[in-house]
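Student: got a predicted structure here, sequence first:
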Amino acid sequence: MSADAPAAVLDWLSTHARPMRLYGDTPWRDVVTDLADALLPSRADHDVHAAPTVIGLAPTTRESAEVSELQVGLLQALVTRGVRTVVIQDTTGIGARLDRWARTGETSDTGPEAILADVWGPWRTESLRRALLWLRAHNATQPTDQVEIRGIVRPTTVPADYDRVLALTAGTRDHEQISALLATIRVAHDGGEHVERAHGRWTGAPFVDLARQARTATAAVLAPGSDATTRALAALDRIVRFHAAPLSRGRSGDDEETAAADQLVEHLRATGRRAVVWDGIGHLAARGTGFGSRLRAHLGTRYRCLLTTFGSGRIRDLRLPAPRPDSLDQTLDHVAARLGAGYAVDLTAAPKPDAVGRWLAGGHAVRLVSGMYHPDEDERHYSALDDLAGSVDVLLHLPEISPIRYVEPPETEG
């Protein structure tokens with residue numbers, strides 16, 4: 001893990017940084033435009049076949065309005081320059097529903113708010129909603145050149161499955177017990193069982209055990225072989241599978257990460273498309289054993305990873321401390337203080353002194369802020385990023401962040 005960065009590193013980063021404008025109605029537009037132009041130059045300027053096939057947007061938190069809006073800005077700029085596949089960390093089923101809406105603008109129960117009610121909790125944000133509305137508007141004006149949306153993770157359950165079970169068991173003798181079990185475990189869709197345990201909101205049996213209890217109780221109160229029983233148990237089987245391997249853990253293991261990356265690359269080669277993937281740095285780093293490293297193995301430098309970090313600020317009702325000494329975040333925050341602004345640095349673009357090359361090749365601690373985060377235990381929320389230059393192509397840093405805004409769930413009748 002790196003010690004404090006030498007002066008040569010701070011000088012090099014400061015010299016090659018592209019400072020962002022002050023926050024406003026269109027923050028960081030110039031930097032986002034410059035980055036998109038550098039990554040995806042026009043056919044007239046560059047051999048299109050040398051441009052990246054996949055660009056990974058890898059923030060270190062999903063709980064910041066500024067970080068999320070920056071990812072939306074990057075996504076929009078890349079789509080404007082020819083990216084036609086947008087990939088998010090959710091199930092392939094959710095991806096298909098979002099794709100159908102973005103292509104057709106269907107309303108009623110497949111409108112964007114209704115779909116967002118079923119996505120993984122950290123995605124239920126105004127930032128993603130705004131991105132979807134922008135993609136829908138783009139597709140409406142480009143009917144022969146539309147952007148598709150894809151999920152990564154195998155299909156599991158959605159919150160609507162819990163409602164389905166409750167409706168089918170209404171009036172039965174154990175409905176209250178089934179309702180209580182499902183209410184307890186349903187919160188996992190907002191962030192994860194591990195988040196509930198980390199904050200002390202749940203200390204009881206594993207959620208998968210409670211899901212199995214709900215299935216057993218449901219099977220006992222519904223008529224064997226009836227349509228209601230078939231539908232309720234099918235929903236509960238999905239609920240059990242979800243809690244056995246929840247989405248909050250990401251893809252379950254290296255094999256699934258590899259398979260997901262292989263499927264994306266195969267799809268892009270078959271269609272000739274380019275993609276932007278919005279996930280976390282733990283999955284998108286180009287070194288290691290995850291999704292991003294598999295993309296790098298397939299595509300070489302045609303996979304680029306853009307890491308967004310931050311200094312301090314607020315999430316939820318919590319005040320974030322400054323990054324710990326010797327972390328990557330602290331080094332980048334020192335540069336932001338020099339510049340008086342956030343910034344972006346392309347690590348691949350410029351010659352580097354030996355001291356800078358050694359620092360980039362080293363390991364660095366990076367702060368990851370998720371639903372489990374609490375500032376009193378800030379030290380626990382750092383992850384090792386080995387070989388910075390091998391893992392990341394572009395660094396983006398925001399010195400101050402504020403809480404993300406979440407989408408209000410759609411009103412239901414009755």
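Tutor: Looks like it came in fine.
Student: what is the burial count for Thr258?
Tutor: 17 (other C-beta atoms under 10 Å). Using the backbone N, CA and C atoms, a C-beta is placed for each residue, glycine as well.
Student: low-confidence ranges, the stretch 301-414 of the chain, go.
Tutor: For the stretch 301-414 of the chain, applying pLDDT under 70 flags the ranges 410-414.
Student: repeat for the chain
Tutor: 1-3, 21-27, 42-51, 106-111, 154-155, 190-191, 195, 198-199, 246-254, 410-414.
Student: what about the residue nearest in space to the middle of it, distance to Val153?
Tutor: Per C-alpha atoms, centre = their mean, the C-alpha nearest to the average position across the chain is that of Asp279, at 3.1 Å. Here the criterion is C-beta to C-beta, to the nearest Å. By it, Asp279 lies 10 Å from Val153.
Student: what sits in contact with each of these two?
Tutor: Common neighbours of Asp279 and Val153, using C-beta atoms under 8 Å, 6 or more residues apart in numbering, are Gln89.
Student: please enumerate the strands of the stretch 201-350 of the chain.
Tutor: For the stretch 201-350 of the chain, the strands defined by DSSP state E, counting those that start in this stretch cover 275-278, 303-315, 318-320, 343-346.
Student: dump these to TSV, plus distance to Met372 and mean neighbour count.
Tutor: Below are the strands of the stretch 201-350 of the chain laid out as TSV (distance: least, C-beta to C-beta, whole Å; neighbours: other C-beta atoms under 10 Å):
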stretch	distance to Met372	mean neighbour count
strand 275-278	20	24
strand 303-315	12	23
strand 318-320	12	15
strand 343-346	28	22
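Student: show the backbone phi and psi for Ala365.
Tutor: When quoted as degrees, to the nearest 10, the phi and psi of Ala365 stand at phi -90, psi 130.
Student: can you give me the helices in the stretch 301-414 of the chain?
Tutor: Applying DSSP state H, counting those that start in this stretch to the stretch 301-414 of the chain gives helices spanning 328-339, 354-361, 388-391.
Student: just put those helices in a markdown table and tack on distance to Asp255.
Tutor: Shown next, in a markdown table, are these (distance: least, C-beta to C-beta, whole Å):
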| stretch | distance to Asp255 |
| --- | --- |
| helix 328-339 | 29 |
| helix 354-361 | 29 |
| helix 388-391 | 21 |
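Student: so which of these is nearest Glu256?
Tutor: helix 388-391 (20.3 Å; C-beta to C-beta).
Student: helices and strands around the closest one, which ones?
Tutor: Packing contacts for helix 388-391, counted by 3 or more C-beta pairs under 8 Å, 6 or more residues apart in numbering; DSSP states H and E, involve helix 354-361.
Student: got the angle for the helix it packs on vs helix 328-339?
Tutor: With axes from the mean of the first three to the mean of the last three C-alpha atoms, to 10 degrees as the basis, helix 354-361 and helix 328-339 are set at 130 degrees to each other.
Student: my guess is the residue nearest to the centre of the chain contacts Ile55, does it?
Tutor: No - Asp279 is beyond contact range of Ile55, at 11.6 Å (criterion: C-beta atoms under 8 Å).
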